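> From the sequence below, what's the structure:
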Amino acid sequence: MAALAQEQGVISGVVGSGASAGQAPITITLHRATDSVAVKTEFAGAGGAFQLAGKVGERYLVSAAQPGYRRYWSPPLVLPATGLVLPAIGLVPRPATALKEVAVAGRRPLYEQLADRTVVNVADSPLAAGSTTLDVLSRAPNASVDASGNPMLRGRQGVLLVLDGKRVPLTGNDLTDYLRALPAEQVQSIELLTNPPASYDAQGGAGVIVINLKKD
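Numbering: from 1, shown residues only. Just a heads-up that it's a prediction; the model follows:
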């Protein structure tokens with residue numbers, strides 16, 4: 001059973017809310033069923049389609065969220081080797097009073113999808129507690145970590161690391177070790193550029209990871 005659990009499977013489906021095209025994207029998150037801890041998050045794509053990779057044989061929950069709508073939770077599920085297609089998900093709007101409370105809170109969402117990058121707002125997030133920066137990356141949209149612990153963007157290796165505006169000349173195991181040693185609690189935000197601008201030249205062909213540390 002242990003060997004089976006290491007095999008990767010895919011949970012897929014379609015989610016919709018009826019929101020306008022300019023509204024914030026829908027985030028789909030895979031959680032461990034035992035404690036609801038987030039394992040992986042992705043943005044729903046065109047038409048609301050999504051895919052989440054997980055370990056075959058593991059028990060999970062799937063949630064879907066969008067500002068202004070109630071978070072959807074699936075019942076517990078076990079991921080089979082053949083993969084799993086979920087029934088269509090429809091998000092329900094929050095009551096007007098709840099929307100006012102959210103506006104007052106004013107906290108930035110954990111994940112933001114901008115025109116040229118994905119931003120992970122690590123500071124003050126439960127995601128940072130007791131985690132390394134590599135842990136945070138492994139759960140973020142468009143990012144993943146291979147079997148050797150190397151960070152990837154959209155499944156491609158060879159990323160460029162930029163720390164507080166300066167390029168860090170680390171690759172392979174050296175980059176992995178650095179990200180594993182950097183506590184997430186020291187990080188303000190992480191920006192993931194899957195199509196970096198020409199200013200990065202030939203470096204970061206797979207993408208660029210920009211880490212902004214907290215200021216003392």
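
> Please report how far the spatially most central residue of the chain lies from Thr133.
The residue lying closest to the centre of the chain (C-alpha atoms, centre = their mean) is Ala140, at 2.1 Å. According to C-beta to C-beta, to the nearest Å, Ala140 stands 10 Å off from Thr133. Just so you know, the C-beta spots here come from the backbone N, C-alpha and C atoms, and that holds for glycine as well.

> in the protein, what secondary structure element scores lowest on mean pLDDT?
Least confident helix or strand of the chain, by mean pLDDT, DSSP states H and E, is helix 2-6 with a mean of 49.

> can you list the weak-confidence ranges in this protein?
The model of the chain has pLDDT under 70 over residues 1-6, 19-22, 96-107, 201-204.

> Quick one: the helices in it, in order.
Along the chain, counting by DSSP state H, helices occupy 2-6, 96-105, 133-139, 172-181.

> Report the beta-bridge partner residues of Leu153.
As for beta bridges, Leu153 partners with Ala143, Arg156 under DSSP bridges.

> Count residues in the vicinity of it, would you?
A count of neighbours around Leu153, defined by other C-beta atoms under 10 Å, yields 25.

> Surely it touches Thr194?
Yes: the criterion here is C-beta atoms under 8 Å, and Leu153 meets it with Thr194 at 5.1 Å.

> anything in contact with each of those two?
142, 207 (C-beta atoms under 8 Å, 6 or more residues apart in numbering).

> Contacts for stretch 192-208 next, please.
Contacts of stretch 192-208 (C-beta under 8 Å, 6+ apart): 116-120, 140-143, 152-154, 156-162, 167, 191, 209-210.

> Any of these buried? List them.
117-120, 140-143, 152-153, 157-162, 191, 209-210 (16 or more other C-beta atoms under 10 Å).

> what residues are up against the closest residue to Ala181 other than its chain neighbours?
Of all residues not flanking Ala181 in the chain, Thr132 sits nearest, at 7.2 Å (C-beta to C-beta, 6 or more residues apart in numbering). Applying C-beta under 8 Å, 6+ apart to Thr132 gives the contacts 179-184.

> if I look at Thr132, how far off is Gly172?
17 Å.

> sorry, back to before: the residue nearest to the centre of the chain contacts Glu191, doesn't it?
No: the pair Ala140 and Glu191 fails to qualify as a contact (C-beta under 8 Å) at a distance of 10.4 Å.

> and for these two, which residues touch both?
Common contacts of Ala140 and Glu191, defined by C-beta under 8 Å, 6+ apart, comprise 118, 120.

> longest strand in the protein, by residue count?
Scanning the chain for the strand with the most residues, using DSSP state E, yields strand 8-16.

> roughly how far is that strand from the heart of the chain?
When distances are taken as C-alpha atoms, centre = their mean, to the nearest Å, strand 8-16 is centred 15 Å away from the chain's centroid.

> what's it packed up against?
For strand 8-16, the packing partners by 3 or more C-beta pairs under 8 Å, 6 or more residues apart in numbering; DSSP states H and E come out as strand 49-55, strand 59-65, strand 84-85, strand 89-90.
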